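Chemist: Fold the stuff below for me.
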Amino acid sequence: MGSPTQTATKRALDGTTAPAGFAALDEATAELQPPFAVVDLGALRANAAQMTRRCGGKPIRLASKSLRCRPLIDHVLRLPGFAGILAFTLPEALWLAETHEDVLVGYPSVDPVALRRLAGDDELAARVTLMVDSVAHLDLLAAVVGPDGPPLRVCLDLDASLRVLGGRIHLGMRRSPVHSADEARDLARAVLARPRFRLVGIMSYEGQIAGVGDDRPGPALARTAVRLMQRISARELRERRAAAVRAVRALTPLEFVNGGGTGSLEGTSGEPAVTELGAGSGLYAPGLFHHYRGFRPLPAAHFVLSVVRRPAPGHVTVLGGGWVASGAPGTDRLPTPVWPAGLRYVPREGAGEVQTPLTGEAADRLRLGDRVWFRHAKAGELCERVDRLHLVDGGRIVDVVPTYRGEGHAFL
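Modeler: Sure, this is the predicted structure:
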């Protein structure tokens, strides 16, 4: 039987309540003192259902970095269409594998302490899959774990970026040196030549498609260029990914081929070579996921700050707010003030570490102590700022659950 927190969260996630509006969320959290973070469970459930529909029956491996809250990870995995975890560090994967049987580490690990723990525990070794993208990774792993012990599960990271003109033009992340089918086959042979390792899967994440909105504000020519790039990249990757999978499967069976991301679920799920999708950001639906033509997730995660100054007509200042997302610096990495509507940043100041000035027609209606609701630009990074999430459903707080930070973990 689960804990009271697990039971309450399971009841909430299994419910059917519709997403709440900001007025209802504000009323439900009226007794809380900002700063605090809220997850609208009605919106999260709707987003989960939309994501699974977009996958056409193929399962979604849940990207834990997008949630960073173990109770929500646990219960999303009980929803139809979700199976397995895509972790971001090996220490995190080992922690999650204490209660979950299928955890793929999405990035290579060079952590000797975590690797030795994995290599010395038969149960964890059967539950956790390591990521490699080079012989150098294999050599490092072999040197750390030694020749004796349970076999270690390994997945190859196939680079999904688009390279044209002999690589002189590179579109997408420089994620892995393994790009061609021949390179995937050669690395697979290197894995198979080491008795301590067992090759079980291939992963490739097409960030230039899944992580770039095709309906972003700005010049129409820029949107057209993004859409053209994504069509070309998707067509090229479909053929190259299939060739790589064929080349590796000619050497050994594979348990899974993982691809995709929230922004490319429909296209990637249609590739016969892909057996599962990796996604998670669409559950919270942060600001960067507001600019896609093919789907419209509902904002589910928010944070709330207090008005502490009224320095001039048409201006207010909130306490804190500099919760800037990772990636290339730009205004799209700032949290978005979403309620009350009609607030925007002061361009020369932006979002501040201790206080954030805001302007706009809504500012004159706000008094000291009033609240402003924000939407973070990226998904799980919100949870690095708070130690708990308040879960709202049916017009009330139904649970308060710890984030990774709230459980005493900072994996990055």
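Chemist: Quick check: residue 82 touching residue 62?
Modeler: Yes. If you go by Cβ atoms under 8 Å, residue 82 and residue 62 touch, sitting 5.4 Å apart. Using the backbone N, CA and C atoms, a C-beta is placed for each residue, glycine as well.
Chemist: what's the least confident helix or strand in the protein, going by average pLDDT?
Modeler: When the helices and strands of the chain are scored by mean pLDDT, DSSP states H and E, helix 4-13 comes last with a mean of 48.
Chemist: which element follows that helix toward the C-terminus?
Modeler: On the C-terminal side of helix 4-13, the nearest following helix or strand under DSSP states H and E is helix 22-28.
Chemist: Only C-alpha atoms, please: export that next one in PDB.
Modeler: What follows is helix 22-28, C-alpha atoms only, in PDB (Å, rounded to 0.1, in the frame of the first residue of the first chain):
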ATOM      1  CA  PHE A  22      -6.100  31.200 -13.300                       C
ATOM      2  CA  ALA A  23      -8.900  32.700 -11.100                       C
ATOM      3  CA  ALA A  24      -9.700  29.200  -9.800                       C
ATOM      4  CA  LEU A  25      -6.100  28.400  -9.200                       C
ATOM      5  CA  ASP A  26      -5.600  31.700  -7.400                       C
ATOM      6  CA  GLU A  27      -8.600  31.000  -5.200                       C
ATOM      7  CA  ALA A  28      -7.500  27.400  -4.400                       C
END
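Chemist: quick one: contacts of the very next helix or strand once past that helix?
Modeler: Per DSSP H and E, the first helix or strand lying C-terminal to helix 22-28 is strand 36-40. Here strand 36-40 makes contact (Cβ atoms under 8 Å, 6 or more residues apart in numbering) with 19-20, 25, 29, 72, 284, 298-304, 382-383, 385-386, 388-393.
Chemist: Narrow those to those in strands?
Modeler: 301-304, 388-393 (DSSP state E).
Chemist: Can you name the two of these that sit furthest apart?
Modeler: 303 and 393 (18.1 Å; Cβ to Cβ).
Chemist: who's more crowded, those two?
Modeler: residue 393 (26 against 22; other Cβ atoms under 10 Å).
Chemist: could you show me where the strands are in the stretch 301-412 of the chain, in order?
Modeler: Assigned by DSSP state E, counting those that start in this stretch, the strands in the stretch 301-412 of the chain fall at 301-312, 315-319, 336-339, 344-345, 355-359, 371-375, 388-393, 396-402.
Chemist: I'd like to know which elements the fifth one is packed against.
Modeler: For strand 355-359, the elements it packs on are strand 301-312, strand 315-319, strand 344-345, judged by 3 or more Cβ pairs under 8 Å, 6 or more residues apart in numbering; DSSP states H and E.
Chemist: Output the longest one as CSV, restricted to C-alpha atoms.
Modeler: If I follow you right, that is strand 301-312. C-alpha atoms of strand 301-312 as CSV (Å, rounded to 0.1, in the frame of the first residue of the first chain):
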residue,chain,number,x,y,z
ALA,A,301,2.9,24.2,-14.1
HIS,A,302,3.1,27.8,-12.7
PHE,A,303,4.9,29.8,-10.1
VAL,A,304,3.6,32.7,-8.1
LEU,A,305,5.3,35.9,-6.8
SER,A,306,4.2,38.8,-4.6
VAL,A,307,4.0,42.5,-5.6
VAL,A,308,6.3,44.3,-3.2
ARG,A,309,6.7,47.7,-4.8
ARG,A,310,4.8,50.2,-6.9
PRO,A,311,7.7,52.5,-8.0
ALA,A,312,5.8,54.6,-10.5
